[in-house]
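Peer 1: Dropping a prediction and its sequence here:
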Amino acid sequence: MTIHAPSRETFEARLRQIGDARYHDKHPFHQLLHSGGCTPDQVRAWVINRYYYQTRIPMKDAAFMSRVTDPNLRRIWRSRIEDHDGTEPGTGGIARWLKLAEGVGLDPDYVASEVGILPATRFAVDAYVRFVRDEPLLPAVASSLTELFAPKIHSERIAGLFEHYDFANAETMSYFQNRLKEAPKDVAFGLKWVLDHAVTQADQDAAARALTFKTEVLWAQLDALYSAYVEPGRIPPGGWQPGEGLL
Ligand SMILES: O=C(O)c1cc(C(=O)O)c2c(n1)C(=O)C(=O)c1cc(C(=O)O)[nH]c1-2
């Protein structure tokens, strides 16, 4: 007797349910940030640590592409690298993130030096890069599907930061405004690819596990931030000390 995998629709609902239950929009740090409750130093700590995630995204996409044999898949995937690195100096998501850094009073060269990144941020982000480099292509693509839930958090963030913080302006918010345009094309492609390729129960389980893993990568970064800079406020050795790296 053949046991059929659950339908495409059931599988997609399973993936969306993982986001509903585990995406980092529910983390207390984001709730604090978006409601105006962060001090300037807490915002700076977020910008410094999140920079590490930003820089590793194109590296994980390059690691992914290095294993893809299908030129069609590589051609589509490479726009992700261009979105972050830009097509010339001063363009792209990393440059836009550094504009945000300047806007919150940080020296962009300090932020780009990666000094002061929390150890747990590095561990979580590096684990994501390794996962995408080492796992089969299906879980590697599925791990990017947290982006299904990102437009909602980016919209909430743009509205919340404009409402509550003086540093919010068209330039400092441009990273998030651009993601609202870029992410939907990536995630539409990624979701279809995963739904097309996860044909067995084992495939669907592997994809769901990958997405769960990724929600943990995101959540762990905010836990580290919260514990260092909010409550109990215990900055680990090597973590950014308020006052460092200012303009
Ligand atoms: O602000 C956020 O909450 C958030 C989350 C995520 C995500 O869900 O991984 C990404 C981004 N932003 C983002 O800007 C981005 O470029 C991005 C790329 C990826 C990925 O896994 O390939 N996730 C995310």
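Peer 2: Received the coordinates, thanks. Numbering: from 1, shown residues only.

Peer 1: where does residue 127 fall, phi/psi-wise?
Peer 2: The phi/psi pair for residue 127 (degrees, to the nearest 10) reads phi -60, psi -40.

Peer 1: and residue 20, how far is that from residue 166?
Peer 2: 34 Å (CB to CB, to the nearest Å). Yep, even glycine has a C-beta here, placed from its N, CA and C like the rest.

Peer 1: Between these two, which is the more surrounded one?
Peer 2: Neighbours per residue, other CB atoms under 10 Å: of residue 20 and residue 166, the larger number sits with residue 20, 11 against 8.

Peer 1: and the residue of the chain nearest the ligand?
Peer 2: residue 146 (3.2 Å; CB to the nearest ligand atom).

Peer 1: quick one: that residue and residue 19 touch, right?
Peer 2: Yes - because the distance of 6.8 Å satisfies CB atoms under 8 Å, residue 146 is recorded as touching residue 19.

Peer 1: which neighbours do these two share?
Peer 2: Any residue near both residue 146 and residue 19 by CB atoms under 8 Å, 6 or more residues apart in numbering counts here, and that gives 211, 215.

Peer 1: any residues touching the one helix or strand residue 84 maps to, and which ones?
Peer 2: Under the criterion of DSSP states H and E, residue 84 resides in helix 71-85. Residues external to helix 71-85 that are found in contact with it (CB under 8 Å, 6+ apart): 54, 57-58, 61-62, 64-65, 68, 92-94, 178, 182, 185-186, 189, 193.

Peer 1: Among those residues, which are located in helices?
Peer 2: Counting by DSSP state H, the part of those found in helices is 54, 57-58, 61-62, 64-65, 93-94, 178, 182, 185-186, 189, 193.

Peer 1: Tell me which two of these sit farthest apart.
Peer 2: 94 and 193 (25.3 Å; CB to CB).

Peer 1: Can you point out the buried residues in the longest helix that the chain contains?
Peer 2: Ranked by residue count and defined by DSSP H, the top helix of the chain is helix 201-229. Along helix 201-229, these residues count as buried under the neighbour rule (16 or more other CB atoms under 10 Å): 203-204, 206-208, 210-229.
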